[in-house]
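Visitor: what's the 3D shape of this:
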Amino acid sequence: MKIAVLGGGNGSFAAAADFALQGHDVRLWRRDPQLVAQHRDAGSRIVLRDSCGRHDVPLALVTTDIAEAVSDAELILCPAPAFAQHDIANRLAPHLKAGQVVFLPPGTFGTVIFAEAAHNAGNHEAARFAETGTLPWLARKHGPFEVAVTIRAKRLPVGVFPLAASDHALDVIGRAFPGVIEPCGDVLSAALMNAGPIIHPPLIVMNAGPIEHFERWDIHKEGTQGSIRRVTDALDAERIAIRKALGYGDPHFPLAHHYADDGEPWMYGRGSHDRLTDSGDWREPIVLTEHRYMREDLRLGLSFLASVGELAGVATPLVFSFLTIGGAICGQDFAEGGRTLASLGLDHLDSRELQMLLREGF
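Guide: Model prediction:
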């Protein structure tokens, strides 16, 4: 397949390297011309390290030209943070063609941002948009052109916008992730599978003291204690209650399965938490007020959950508590400045009208 990967972070490098390792034609787009020039000078290659060893894989293209990157690509993968989605969506919008699939892993309902950007740009080509519940790789960059992949996802619940075009989108994504994709309906269902706003806010807020004290902190090892796990499960119960109130059925991928030794396998399969902490890749310096867990998963992810909870008539006290405390830590009002149905221009729709939009498109 011809695959375009957008972004230069951990997820984008893991995607580009892993797809290239599988034999796909991979084009990597980044905004920074200096970093792109350096990557080209290094041979447009990425070193991928995984449980099978070291793989030095060439990319077909590394570029700052997004039109060049996505030209003729069947799949456009954008693992960039949610706070970068508006900018990338506007850059991408004029260049999308019929049949192309834009996949956000995960999306925080960003599929609607990308679809609306194309609509507003006057691009009426039949591109499709999809998102899932987690990044398909647990990965960390080890250098400017090297990435370590600890785990590849085993199950990815995927929603498509518009839902009426699911068959084509799921076929394209399924060829890139064979045996991994599980349809979960529309993109709101997929957005309500997003694990980041459930696992990360308790970790970043309830570990704020040690994060500020220690030079390096493994938020998933020392930071994942029983008390924090119990809060995480309670927060996850609010997410699942929203899904049920909106009529979405099982499986809900409860986060408790991520830590369990038996029962239903979670998105990363069995033993993923232990493999994550054993890798040592998450023992890192953390700038509390700037970290992605705070700026993306808490500020945007939880504000979105709160907004959808209000639409569904579901109380979300823990969601609002973490928004309030996280905002206080950062000196901002996260409840006001986050991602909501209102900020997306969808607050005039009731639940039935919203689901009609998700089914039929703009």
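
Visitor: what strand or helix carries the nearest residue to residue 50 once chain neighbours are set aside?
Guide: Residue nearest to residue 50 in three dimensions, not counting chain neighbours: residue 149, with 4.6 Å by C-beta to C-beta, 6 or more residues apart in numbering. (Glycine included, C-beta is placed from N, CA and C.) Taking DSSP states H and E as the definition, residue 149 sits inside strand 146-152.

Visitor: what helices or strands is that strand leaning on?
Guide: Counting contacts by 3 or more C-beta pairs under 8 Å, 6 or more residues apart in numbering; DSSP states H and E, strand 146-152 is packed against helix 10-21, strand 45-50, strand 137-143, helix 272-279.

Visitor: partner strands of that strand, with direction?
Guide: Each strand paired with strand 146-152, and its direction, by DSSP bridges: strand 45-50 (parallel), strand 137-143 (antiparallel).

Visitor: want to throw these into a markdown table with distance to residue 236?
Guide: As requested, the strands paired with strand 146-152 are exported to a markdown table (distance: least, C-beta to C-beta, whole Å):
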| stretch | distance to residue 236 |
| --- | --- |
| strand 45-50 | 29 |
| strand 137-143 | 19 |
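
Visitor: can you put those in CSV and add mean pLDDT and mean neighbour count?
Guide: Listed next are the strands paired with strand 146-152 as CSV, based on pLDDT from 0 to 100; neighbours: other C-beta atoms under 10 Å:
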stretch, mean pLDDT, mean neighbour count
strand 45-50, 96, 20
strand 137-143, 94, 20
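
Visitor: can you check which of those gets nearest to residue 178?
Guide: For residue 178, the closest of the strands paired with strand 146-152 is strand 137-143, at 15.2 Å, according to C-beta to C-beta.

Visitor: neighbouring contacts of the closest one?
Guide: By C-beta atoms under 8 Å, 6 or more residues apart in numbering, the residues outside strand 137-143 that reach it are 9-11, 13-15, 18, 47, 49, 147-153, 268, 272, 275-276, 279, 281-282.

Visitor: any of these buried? List them.
Guide: 9-11, 13-15, 18, 47, 49, 147-153, 268, 272, 276, 279, 281-282 (16 or more other C-beta atoms under 10 Å).

Visitor: mind listing the helices for the stretch 151-300 of the chain?
Guide: Across the stretch 151-300 of the chain, reading from the start of the chain, the helices by DSSP state H, counting those that start in this stretch fall at 166-176, 187-191, 196-206, 208-213, 226-245, 256-259, 272-279, 292.

Visitor: single out the most deeply packed of those.
Guide: Comparing the helices of the stretch 151-300 of the chain by mean neighbour count (mean count of other C-beta atoms under 10 Å), helix 187-191 ranks first with a mean of 27.

Visitor: that helix - what's its average pLDDT?
Guide: Mean pLDDT, taken over the full extent of helix 187-191, equals 98.

Visitor: roughly how far is stretch 310-320 from the heart of the chain?
Guide: Here stretch 310-320 is found 22 Å from its chain centre; the criterion is C-alpha atoms, centre = their mean, to the nearest Å.

Visitor: list the buried residues of that stretch.
Guide: Residues of stretch 310-320 classed as buried under the neighbour-count rule (16+ other C-beta under 10 Å) are 310-312, 314, 316, 318-320.

Visitor: then stretch 97-110?
Guide: Within stretch 97-110, the residues that qualify as buried are 100-110, counting by 16+ other C-beta under 10 Å.

Visitor: and the furthest pair within these?
Guide: 100 and 108 (21.2 Å).

Visitor: contact partners for residue 4?
Guide: Residue 4 is in contact with 26-29, 69-70, 73, 75-77, counting by C-beta under 8 Å, 6+ apart.

Visitor: how about the spatially closest residue to it that is not a sequence neighbour, secondary structure?
Guide: Once its chain neighbours are removed from consideration, residue 4 has its nearest residue in residue 73; the separation is 4.0 Å (C-beta to C-beta, 6+ apart). Recorded secondary structure, residue 73: coil (DSSP: H, G, I helix; E, B strand; the rest coil).

Visitor: next, count neighbours for residue 337.
Guide: Burial measure for residue 337: 13 neighbouring residues, criterion other C-beta atoms under 10 Å.

Visitor: do you know the pLDDT at the residue nearest to it when sequence neighbours are not counted?
Guide: Leaving aside its chain neighbours, residue 337 sits nearest to residue 299 (7.1 Å; criterion: C-beta to C-beta, 6+ apart). pLDDT, residue 299: 96.

Visitor: try residue 261
Guide: Residue 261 is assigned a predicted lDDT (pLDDT) of 85.

Visitor: state the phi and psi torsions of it.
Guide: The main-chain torsion angles of residue 261 are listed as degrees, to the nearest 10 and equal phi -90, psi -10.

Visitor: picking up where we left off before, kindly indicate which of the contacts of residue 4 lies nearest residue 56.
Guide: Checking the contacts of residue 4 against residue 56 with C-beta to C-beta, the nearest one is residue 26 at 14.1 Å.

Visitor: and the closest one, what does it touch?
Guide: When contacts are counted by C-beta under 8 Å, 6+ apart, residue 26 is found next to 3-5, 16, 19-20, 59-61.

Visitor: so how far is residue 15 from the residue nearest the centre of the chain?
Guide: Compute the mean C-alpha point of the chain, and by C-alpha atoms, centre = their mean the closest residue is residue 106, 2.1 Å away. In this structure, residue 106 and residue 15 are separated by 13 Å, where distance is defined by C-beta to C-beta, to the nearest Å.
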